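**Q** Sequence first, predicted model second:
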Amino acid sequence: MTSLHSTALVTGASTGIGAMYAKKLAGRGYHLVLVARDIKRLESLAAELRSDFGVQVDVVRADLTNPQDLYQVEKRLREDPAIGLLVNNAGAANHGSFIDADPDKMETLIDLNVLAVTRLTAAALAGMLARGQGSIINIASVVGLAPEFPLGIYGATKSFVIAMSQALNAELGEKGIYVQAVLPAATRTEIWERAGRDVNALQGVMEVEEMVDAALVGFDRRETVTIPPLHDESLWQAYETARQAMLPHFAQSHAADRYQTK
Ligand SMILES: NC(=O)c1ccc[n+]([C@@H]2O[C@H](COP(=O)([O-])OP(=O)(O)OC[C@H]3O[C@@H](n4cnc5c(N)ncnc54)[C@H](OP(=O)(O)O)[C@@H]3O)[C@@H](O)[C@H]2O)c1
C-alpha cells in the first residue's frame, strides 16, 4: 500500500469503523482529512493521531445529507491533489420493515448511504484519473447480499454500494484506479444504538479493530470485494461464478420458452 506523501479522506471518521480506519491509515503514514458531523470528536481524534503518528490531520464538519455540506467535501476532493485514497464509510442503518418506515427517513438514508457515496466518488475520481492513480474504499455490508434481512431499505442501499464498486473496478481498473467494497457483518460500533438496537443482544459480533485490520489485508491484496467474516472464501467465489455464468445469456431477441404466449 503506497502511503507516503498521500492523503486519505475518511467519511464518518468520528467513531466506529471510520475512526479505526483513520487510526490504521495514520499508522501507515497517510495524512488525513476526517469528515463527520461531530466536530469535537473529530478534533479529539485528530489531536491523538497527530501526536501518535506525526501525520497531518484536517477535520471537516459536514452533514453528508445536507447538499451544501456535501458540496464542500466534494470541492475538497476535487481541489486537493494530495488525496490518493477516499474511504466512503459514513453510513447509517434503520431497523424495521419497509412499510413501517417513514419515507422522509428512507430518503435521508438513501442520501447518506447512496447519494453521498456516489457524489464523493465522482469528485475523487476527477483528480485520480488525471494523476493515473488512486484508491477508493466503499464500506458496504453483508446485508447488501442478504436483502431478506428485516432491515428495510438498508440492504438495498448496500447492494448499490457493492454493485457500484464492481462497476467502477471494471471501468477503471485499467486506468490505475482501485476500488474495494468492504462487507462487514455485525461489528461492535454505535450504529446499533443509533438505530435503536442493543449490540450486546446479538451473536457473532466482530470487534471493530479486527474488522478493519482484515479489510486492509483485502485492500493490500487488491480484492474487489472483501468480506472479513466469511471464513469459507469458496462460497463467495461460487456465488460470483454463478452470477457471471448468467451474463452471456442475457442478450436474446426472444423471451425464454417459459414466458412465451404464442
Ligand atoms: N457496525 C456494523 O455492524 C456494520 C456492519 C456492516 C456495515 N457497516 C457500515 O459501516 C459504516 C460505518 O458504520 P459504523 O458501524 O462505524 O457506525 P457508527 O459507529 O454509527 O459511525 C457512523 C459514522 O458515520 C458518521 N455519520 C453518520 N451520519 C452522518 C451524516 N449525516 N453526515 C456525516 N457523517 C455521518 C458518524 O459521525 P457523526 O455522528 O459525527 O456525523 C460516524 O462517524 C456504515 O456505512 C455502516 O453501514 C456497519
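**A** Received the coordinates, thanks. Numbers count the residues shown, from 1 in each chain.

**Q** what sits against the nearest residue to Val225 once chain neighbours are set aside?
**A** For Val225, ignoring the flanking residues on the chain, the nearest one in space by CB to CB, 6 or more residues apart in numbering is Ala181 at 5.0 Å. Heads up, the C-betas are built off the backbone N, CA and C, glycines and all. For Ala181, the contacting residues are 138, 140, 161-162, 165-166, 224-226, by CB atoms under 8 Å, 6 or more residues apart in numbering.

**Q** For the residue nearest to Thr226 when sequence neighbours are not counted, which residues are in contact?
**A** Counting by CB to CB, 6+ apart, the nearest residue to Thr226 once its immediate chain neighbours are dropped is Gly218, at 2.9 Å. Residues in contact with Gly218 (CB under 8 Å, 6+ apart) are 180, 182, 226, 228.

**Q** Intersect these with the contacts of the ligand.
**A** Among the contacts of Gly218, no residue lies close to the ligand (CB under 6 Å from any ligand atom).

**Q** ok, and the most crowded of those residues?
**A** Neighbour counts for the contacts of Gly218, by other CB atoms under 10 Å, peak at Val182, which reaches 29 neighbours.

**Q** partner residues bridging that one?
**A** Beta-bridge partners for Val182, by DSSP bridges, are Ile139, Thr226.

**Q** State the pLDDT value of it.
**A** With respect to pLDDT, Val182 scores 98.

**Q** What is the least confident helix or strand in this protein?
**A** helix 191-194 (a mean of 92; mean pLDDT, DSSP states H and E).

**Q** which residues are in contact with it?
**A** Helix 191-194 is contacted from outside by 16, 91-93, 186, 198-199, 202, using CB under 8 Å, 6+ apart.

**Q** check contacts around the closest residue in space to Gly16 that isn't next to it in sequence.
**A** Leaving out its chain neighbours, the residue that sits closest to Gly16 by CB to CB, 6+ apart is Thr189, at 3.4 Å. Shown in contact with Thr189 (CB under 8 Å, 6+ apart): 15-17, 199, 208.

**Q** List the buried residues for the least confident helix or strand of the chain?
**A** 191-192 (16 or more other CB atoms under 10 Å).

**Q** before we move on, what about stretch 113-126?
**A** The neighbour-count check on stretch 113-126 (16+ other CB under 10 Å) flags 113-117, 119-121, 123-125 as buried.
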